[in-house]
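In: turn this into a structure:
(chains A and B)
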Protein chains: 2
Amino acid sequence: MSGTFVIAQGGGPTAVINQTLAGAITAIRARHPGARILGARHGVRGLRDGHLADLHTLSAADLERLARTPGAALGSTRDKPDAAYCDAVLKGLRAAGADAFIYIGGNDTAGTQSLIAQASGGTIACVHAPKTIDNDLVENDHTPGFISAAEFVAGAFAGADLDFRSLPGIYVGIVMGRHAGFLTAASAAWRADPESGPHLVYVPERPFDRERFLDGVRSSLGRHGHCIVAMSEGVQDRDGRSLVEHLVPPEMLERDPHGNVRLSGTDLGQAVERILAEDLPRVRARVDTFGYLPRSHAGLVNATDQREAFEAGTFAVEVAEAGSYSVALQFDGKATRPVRVPLDAVAGKTRHMPGDFLAADRDQVSDKCMAYLARLLPPRPDIRTALV
Amino acid sequence: MSGTFVIAQGGGPTAVINQTLAGAITAIRARHPGARILGARHGVRGLRDGHLADLHTLSAADLERLARTPGAALGSTRDKPDAAYCDAVLKGLRAAGADAFIYIGGNDTAGTQSLIAQASGGTIACVHAPKTIDNDLVENDHTPGFISAAEFVAGAFAGADLDFRSLPGIYVGIVMGRHAGFLTAASAAWRADPESGPHLVYVPERPFDRERFLDGVRSSLGRHGHCIVAMSEGVQDRDGRSLVEHLVPPEMLERDPHGNVRLSGTDLGQAVERILAEDLPRVRARVDTFGYLPRSHAGLVNATDQREAFEAGTFAVEVAEAGSYSVALQFDGKATRPVRVPLDAVAGKTRHMPGDFLAADRDQVSDKCMAYLARLLPPRPDIRTALV
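Out: Have a look, this model is predicted:
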């Protein structure tokens, strides 16, 4: 394959998605000297609209800086192409003379690649390279982007715990994650001892119950003098309604043009503030919404995550030589390695936290989850928990 | 002075307030071998209630770990003692046999020290050591705790800018600061070029105007394709009403038992989300509330801030040998050095951002503010702004 590679980035950016881009460019140069390397601006949209950038001229120094840069340098998109859109993308790939198309993204991106691979009838190698802070791709032990975001969350909650040991009260940190609770679970990674927060962890995988929540808060306040709560944006009740929908009067709910309830962290934050103000009115409480901070903070990027993301990019080029596949990071008991799996094994599927990642009897992560996080993240900084 | 030193911590914790504690302990040991060193738990409250910890037994390794630990290790308090409370504190100090009392905190803490110094009639050296992420202490060029928090905010906005170059829209980050805008202004510290966000900066020092805000957002969207907004929790309108009060219908405002409007970042976040949804309904918008994250993240502590906070503690011990004073960090044009100033020069006063730290014609920081931030913070990480 000495012809033309097209690379694009899809979905929410991460701190290391540009490492994967840089890894792919590096591998193409090494394995296919003379090949053209094009970048589609804003994912498949750039292919549909003919917005391509020549990536061939990037110097080695440019490439190193690019790799270190958070955000999706080519621009990203949330477009989910239907059949007609796919045709337009395929036309764009053919117009560019593409032999291979490497698309870096999550499960929607894998789905798009599956459609385009089919439509191309095997003439273009369509490779999906994994990326998501949600860690919700099946076939993967973990995904590039997750470790950096998880380390941000771990440090935030370790710090909040120390802050609220100083000035007691209730702290709720709302963490991204619509369907999978991995990133919220990472709040517990740097718990120092059973006294340490987060004392309560709420994820989309387990139904949220208001009374149980309040009991948990009261119990933590009684035992530790403070209560640190980690909550996913996507928590929902037993009937599958989002917590926001459950707590906010129907007339106050904001809906998008399709009638879906708008579900921002701020909405959930307000709902939780209201519950605490109603039921525990005399206790100091603070709710912060982390939002995009864990995925894009320019000062906090994990080195393992950087390396794995880069390797996912270099491996995607090898995989393209064999055809259309998804790259997955798998753990063999000793090390994490990229492997290739069928696109349809990943496309459109969501990986949830395993049931045994949650403690059976408490709203808390399990020892198994803690071991998983400890394998991925650096150890807690060498700091104290409390002076006396 | 070979007798007894009491140390306490007041107000909101920071990432480096324990450096000041460690610095004071280190200096007492070096300058006054044999002196007793006691820590009051939860500030003056510990003196009133007789909760003191013996700090003498801390090993050198303990002290180093303590210094690195965010949060207030002795516990903190927001109590503002009146005359009767001060008497109780003074009794506590006398019962402990205190010759000197070092209280680490903000302008309220300086106020407390002034009262206790007076009440003691000069028999106890009452020293205030500075601490606040708000950077709002008069007499100080900047305060221990500010640089770490400012670096967190700078990295968050540099990252958000890259994130929203990838997927266009409006981002609003709400930053702590009731009266002073320094920490919110730090959002601009790592702006790479005039294209980079934050494109709009709102601080308590300048009245907020809804129409002007929306014009600014529209203009930034038109020029850059995205708009990054940094906003202080304490922004207020021309009449001195908080933005929340201005935007939320009166019947929905939450008030505390004293009738004051509750002013959390989440309230403001909701108010801003509502404005954007009303006036720019088709533009993707996201509001995040940083809250306590900048002051307590366990993974992001600035080395200069650590050193200066430690030195403020060691210098406080020297100052105590001379009497009751406040320690202030002053800049002589070349270096930052701790000096002593009268307690009443600092007590209860709030330092606001100088008027010329804001651009005259735009909702943006000025070049002078950028130069100030550049002097304090590390340079922007060596990352790109956009690929093409």
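In: tell me the predicted confidence for A:Ser242.
Out: We note a pLDDT of 79 for A:Ser242 in this prediction.
In: how close does it get to chain B?
Out: Applying C-beta to the nearest C-beta, to the nearest Å, the value for A:Ser242 to chain B is 16 Å. The C-beta positions use only the backbone N, C-alpha and C, and glycine is treated the same way.
In: A:Gln236 is in contact with that residue, correct?
Out: Yes: the pair A:Ser242 and A:Gln236 qualifies as a contact (C-beta atoms under 8 Å) at a distance of 5.1 Å.
In: so what's the residue count around the closest residue to A:His42 other than its chain neighbours?
Out: Using C-beta to C-beta, 6 or more residues apart in numbering or on different chains and skipping the chain neighbours, the partner closest in space to A:His42 is A:Gly75 (3.9 Å). Using other C-beta atoms under 10 Å in any protein chain shown, A:Gly75 has 26 neighbouring residues.
In: cool, and A:Ala322?
Out: 10.
In: contact residues of the stretch 101-250 of chain A facing chain B?
Out: Contact residues (C-beta under 8 Å from any C-beta of the partner chain) of the stretch 101-250 of chain A with chain B: A:151-152, A:154-156, A:158-163, A:165-167, A:171, A:190.
In: could you list which of those residues belong to strands?
Out: A:Tyr171 (DSSP state E).
In: give me the low-pLDDT residue ranges for the stretch 201-350 of chain A?
Out: Scanning the stretch 201-350 of chain A for pLDDT under 70 picks out A:246-263, A:265.
In: quick one: the strands in it?
Out: A:227-232, A:285-289, A:325-331, A:336-341 (DSSP state E, counting those that start in this stretch).
In: measure A:Gly299 to chain B for me?
Out: 3 Å.
In: ok, and the closest non-adjacent residue to A:Gly46?
Out: A:Ala40 (3.5 Å).
In: shouldn't the one you found be in contact with A:Leu74?
Out: Yes: A:Ala40 lies in contact with A:Leu74 (C-beta under 8 Å); the separation is 6.6 Å.
In: who's in contact with the residue nearest the centre of chain A?
Out: Nearest to the geometric centre of chain A sits A:Ile133, at 1.5 Å (C-alpha atoms, centre = their mean). By C-beta atoms under 8 Å, 6 or more residues apart in numbering or on different chains, A:Ile133 lies in contact with A:Gly12, A:Thr14, A:Thr143, A:Gly145, A:Phe146, A:Ser148, A:Ala149, A:Met176, A:Leu183, A:Pro294, A:Arg295.
In: for A:Val203, same thing?
Out: A:Gly177, A:Ala180, A:Gly181, A:Thr184, A:Ala185, A:Ser232, A:Gly234, A:Val235, A:Met353, A:Leu358.
In: nearest residue to A:Met231 other than its sequence neighbours?
Out: Sequence neighbours aside, A:Tyr202 is the residue nearest to A:Met231 in space, at 4.4 Å (criterion: C-beta to C-beta, 6+ apart).
In: how close does that neighbour sit to A:Arg241?
Out: 15 Å (C-beta to C-beta, to the nearest Å).
In: higher neighbour count, the two?
Out: More neighbours surround A:Tyr202 than the other of A:Tyr202 and A:Arg241, with 29 against 14 (other C-beta under 10 Å).
In: the more buried one against A:Phe213, yeah?
Out: Yes: using C-beta under 8 Å, A:Tyr202 is in contact with A:Phe213, at 7.3 Å.
In: where do the contact lists of those two overlap?
Out: With C-beta under 8 Å, 6+ apart, A:Tyr202 and A:Phe213 have common neighbours A:Asp363.
In: ok, A:Tyr171 touching A:Ala230?
Out: No: if you go by C-beta under 8 Å, A:Tyr171 and A:Ala230 don't touch, sitting 9.5 Å apart.
In: more neighbours: these two, which one.
Out: Higher neighbour count among A:Tyr171 and A:Ala230: A:Ala230, with 31 against 25, using other C-beta under 10 Å.
In: neighbours of the closest residue to the more buried one other than its chain neighbours, how many?
Out: Nearest non-adjacent residue to A:Ala230, counting by C-beta to C-beta, 6+ apart: A:Ser187, 3.5 Å away. Residues near A:Ser187, counting by other C-beta under 10 Å, number 32.
In: how close does A:Ser187 get to B:Asp363?
Out: Distance from A:Ser187 to B:Asp363, by C-beta to C-beta: 35 Å.
In: and for A:Asp363?
Out: For A:Asp363, the distance to B:Asp363 - C-beta to C-beta - is 42 Å.
In: equivalent analysis for A:Gly234, please.
Out: With distances taken as C-beta to C-beta, A:Gly234 is found 34 Å from B:Asp363.
In: residue contacts, the closest residue to A:Glu273 other than its chain neighbours?
Out: Nearest residue to A:Glu273, sequence neighbours excluded (C-beta to C-beta, 6+ apart): A:Val287, at 5.0 Å. By C-beta under 8 Å, 6+ apart, the contact set of A:Val287 is A:171-174, A:269-270, A:272-273, A:276, B:264, B:266, B:289, B:291.
In: same deal with A:His56?
Out: A:Arg36, A:Ile37.
In: which phi and psi does it have?
Out: Torsion angles at A:His56 (phi, psi; degrees, to the nearest 10) stand at phi -70, psi -30.
In: where do the helices of chain A begin and end?
Out: A:17-31, A:44-49, A:60-68, A:83-95, A:107-119, A:146-166, A:182-185, A:210-224, A:243-247, A:265-279, A:293-296, A:303-320, A:343-346, A:367-376 (DSSP state H).
In: what comes up buried for the first one?
Out: When burial is assessed from 16 or more other C-beta atoms under 10 Å in any protein chain shown, helix A:17-31 yields the following buried residues: A:17-29.
In: state the pLDDT value of A:Arg178.
Out: In this prediction, A:Arg178 carries a pLDDT score of 86.
In: quick check, pLDDT for the closest residue to A:Val44 other than its chain neighbours.
Out: Once flanking residues are discounted, A:Val44 sits nearest to A:Val89: 4.8 Å by C-beta to C-beta, 6+ apart. Looking at A:Val89, its pLDDT stands at 98.
In: got a list of what A:Val89 touches?
Out: Contacts of A:Val89 (C-beta under 8 Å, 6+ apart): A:Val44, A:Leu47, A:Arg48, A:Pro81, A:Thr112, A:Ile116.
In: reformat those as a markdown table; add pLDDT.
Out: Supplementary listing: these in a markdown table, determined by pLDDT from 0 to 100:
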| residue | pLDDT |
| --- | --- |
| A:Val44 | 97 |
| A:Leu47 | 98 |
| A:Arg48 | 98 |
| A:Pro81 | 92 |
| A:Thr112 | 95 |
| A:Ile116 | 96 |
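In: looking at those, spot the one nearest chain B.
Out: A:Val44 (13.7 Å; C-beta to the nearest C-beta).
In: in contact with the closest one, which residues?
Out: Counting by C-beta under 8 Å, 6+ apart, A:Val44 makes contact with A:Ala8, A:Gly10, A:Thr77, A:Asp79, A:Pro81, A:Tyr85, A:Val89, A:Tyr103, A:Thr112, A:Ile116.
In: what subset of those residues is buried?
Out: By neighbour count, with 16+ other C-beta under 10 Å, those hold A:Ala8, A:Gly10, A:Thr77, A:Asp79, A:Pro81, A:Tyr85, A:Val89, A:Tyr103, A:Thr112, A:Ile116 as buried.
In: quick one on the thing from earlier: tell me, what's touching A:Ala40 and A:Leu74 both at once?
Out: Between them, A:Ala40 and A:Leu74 share the contacting residues A:Ile7, A:Ala8, A:Gly46, judged by C-beta under 8 Å, 6+ apart.
In: could you work out the end-to-end span of stretch A:225-242 for me?
Out: For stretch A:225-242, the first and last residues are 30 Å from each other (C-alpha to C-alpha, to the nearest Å).
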